[in-house]
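Visitor: Model the structure of this input:
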Amino acid sequence: MTFKELNLIDPLLKALQDKNYVEPTAIQQKAIPQILAKRDILGSAQTGTGKTAAFALPIIQLLHTDHSQEKGRVAIKSLIVTPTRELAIQIHENLEFYGKYTRLRHAVIFGGVKQGSQVSALNRGVDILVATPGRLLDLINQGYIKLDQVKLFVLDEADRMLDMGFINDIKKLLKLLPTKRQSLFFSATMPANIVELSDKILTNPVRIEVSPVSSAAETLQQKVYFTNKSTKKDLLFHILKDKNMDQVLLFSRTKHGADKITKNLKGAGIQAAAIHGNKAQNHRQKVLSQFKDGSIRVLVATDIAARGIDIDKLQYVLNYDIPEDPETYVHRIGRSGRAGETGIAISLCEPEENPDLRAIENLIRQKIEVADNNPFPQTDKPMTAQEKKEHNKEKQQKKQAFFANRKKSR
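Guide: As a prediction, this is how the structure comes out:
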């Protein structure tokens with residue numbers, strides 16, 4: 001199937017041709033016709049499946065061909081809400097590209113930066129607004145945004161939205177939207193609380209599911225180094241002696257860990273920077289630009305901050321920590337080896353992470369190649385079952401304390 005067979009209008013086909021996009025992904029094939037038919041959508045799809053184009057293309061088409069709009073007056077006709085600044089920026093960039101042969105106006109708003117330029121864009125008139133929840137509600141309360149003309153509402157990455165504590169913000173937004181509207185709801189997972197939320201947003205939706213990502217591109221080589229917690233840093237320096245690794249996206253499980261890794265890399269004379277939720281937005285965008293242009297060799301990221309990072313021809317992904325969720329691993333390494341390009345995914349596995357690695361191998365249905373030439377092999381014994389239980393209990397208590405303190409600070 002081609003994009004032309006999806007009955008997209010010429011301005012969109014021309015933009016897609018500029019990118020040499022011909023064949024739509026599975027979710028695009030399923031979603032675009034239903035959205036053009038003005039149906040509500042309940043979509044189960046993960047980052048990397050082509051989800052943004054699946055809703056962006058039909059939204060642009062529906063608004064572009066809507067001749068009922070009042071001439072001379074630009075009001076927000078479509079609202080797209082997403083959890084992170086990086087995702088919001090990526091969606092906005094895609095909207096600008098796909099809609100470049102139309103006259104629709106787009107804007108993106110998010111917190112962590114001064115609101116002046118965002119307010120100016122809103123005052124010039126916006127057809128499609130991409131927003132994170134906090135800044136959106138803030139500007140609504142200040143009177144800069146009205147949602148009474150919204151015809152198309154998109155809630156993207158709903159499970160991540162709830163994980164980040166935005167559920168009350170979403171409920172507030174729903175009360176401000178017109179009852180009569182088309183709504184598109186996307187979430188990677190569908191636990192009970194997500195289904196309950198979707199019931200409040202959608203009317204007789206079409207259910208669209210894309211199978212969970214369980215494999216990486218065939219052009220991506222995967223390998224693992226078994227090492228110890230105490231020798232991970234030394235192993236990392238050893239790996240980075242390879243000068244061919246001139247652009248590396250490195251994943252850390254925590255923000256504190258990302259900062260510590262970055263500090264160690266800089267101390268070894270390696271250009272590195274961290275990107276995570278505690279970093280200011282202007283810093284994050286500056287660092288991402290420097291990584292893309294080669295000024296920074298290693299970009300250290302947490303999983304949430306990495307949502308929305310899309311770098312052409314990125315060859316190396318390195319997992320400093322093995323993720324506890326196997327699908328997170330697939331998403332991480334999927335940043336490399338895209339569009340037929342080759343890529344290499346390297347993982348450093350300490351004893352306590354051995355079970356997590358086995359879970360990953362079960363998901364992708366293959367054994368990950370064990371790297372040779374490892375000067376820091378795994379020698380420590382994994383935790384006993386009791387030690388693991390106590391460790392997990394302590395970790396859960398810390399997590400509960402974190403969210404309790406976060407709630408108090410609001």
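Visitor: Just give the nearest non-adjacent residue to K229, would you?
Guide: Spatial nearest neighbour of K229, excluding adjacent residues (C-beta to C-beta, 6 or more residues apart in numbering): E350 at 4.5 Å. Heads up, the C-betas are built off the backbone N, CA and C, glycines and all.
Visitor: helices or strands up against the strand or helix carrying K263?
Guide: Per DSSP states H and E, K263 falls inside helix 255-267. For helix 255-267, the contact count by 3 or more C-beta pairs under 8 Å, 6 or more residues apart in numbering; DSSP states H and E identifies helix 232-239, strand 272-275, strand 298-301 as packing neighbours.
Visitor: At which residues are the helices of the stretch 101-250 of the chain located?
Guide: Under the criterion DSSP state H, counting those that start in this stretch, the stretch 101-250 of the chain carries helices at the ranges 116-124, 133-141, 158-163, 167-176, 192-201, 232-239.
Visitor: So which of those is the most surrounded?
Guide: helix 158-163 (a mean of 20; mean count of other C-beta atoms under 10 Å).
Visitor: Output the contacting helices and strands for that one.
Guide: strand 182-187, helix 192-201.
Visitor: Output that helix as PDB, nothing but the C-alphas.
Guide: This file holds the C-alpha atoms of helix 158-163, laid out as PDB (Å, rounded to 0.1, in the frame of the first residue of the first chain):
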ATOM      1  CA  ALA A 158      -1.500   8.500  27.700                       C
ATOM      2  CA  ASP A 159       0.200   5.900  29.900                       C
ATOM      3  CA  ARG A 160       3.300   8.000  30.200                       C
ATOM      4  CA  MET A 161       1.100  11.000  31.000                       C
ATOM      5  CA  LEU A 162      -0.400   9.100  34.000                       C
ATOM      6  CA  ASP A 163       3.100   7.900  35.100                       C
END
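Visitor: In the stretch 51-200 of the chain, where is pLDDT below threshold?
Guide: Filtered on pLDDT under 70, the stretch 51-200 of the chain yields the residue ranges 67-73.
Visitor: circling back to that earlier point, nearest to I76, of the helices of the stretch 101-250 of the chain?
Guide: Of all the helices of the stretch 101-250 of the chain, helix 116-124 sits nearest to I76, with 8.5 Å by C-beta to C-beta.
Visitor: So which residues make contact with the closest one?
Guide: The contact list for helix 116-124 (C-beta atoms under 8 Å, 6 or more residues apart in numbering) reads V74, R105, A107, V108, I109, L129, R135, L139, Y144, I145.
Visitor: Out of these, which end up buried?
Guide: V74, R105, A107, V108, I109, L129, R135, L139, I145 (16 or more other C-beta atoms under 10 Å).
Visitor: out of those, who's nearest S336?
Guide: Closest to S336, out of all of the buried ones among the contacts of helix 116-124 and judged by C-beta to C-beta, is V108, at 26.4 Å.
Visitor: Can you name the residues that contact that closest one?
Guide: Contacts of V108 by C-beta under 8 Å, 6+ apart are A88, I89, I91, H92, Q118, L129, V130, A131.
Visitor: of those residues, buried ones?
Guide: A88, I89, I91, H92, Q118, L129, V130, A131.
Visitor: need those in CSV with distance to F237, can you?
Guide: Listed next are the buried ones among the contacts of V108 as CSV, based on distance: C-beta to C-beta, whole Å:
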residue, distance to F237
A88, 35
I89, 33
I91, 37
H92, 38
Q118, 42
L129, 45
V130, 40
A131, 41
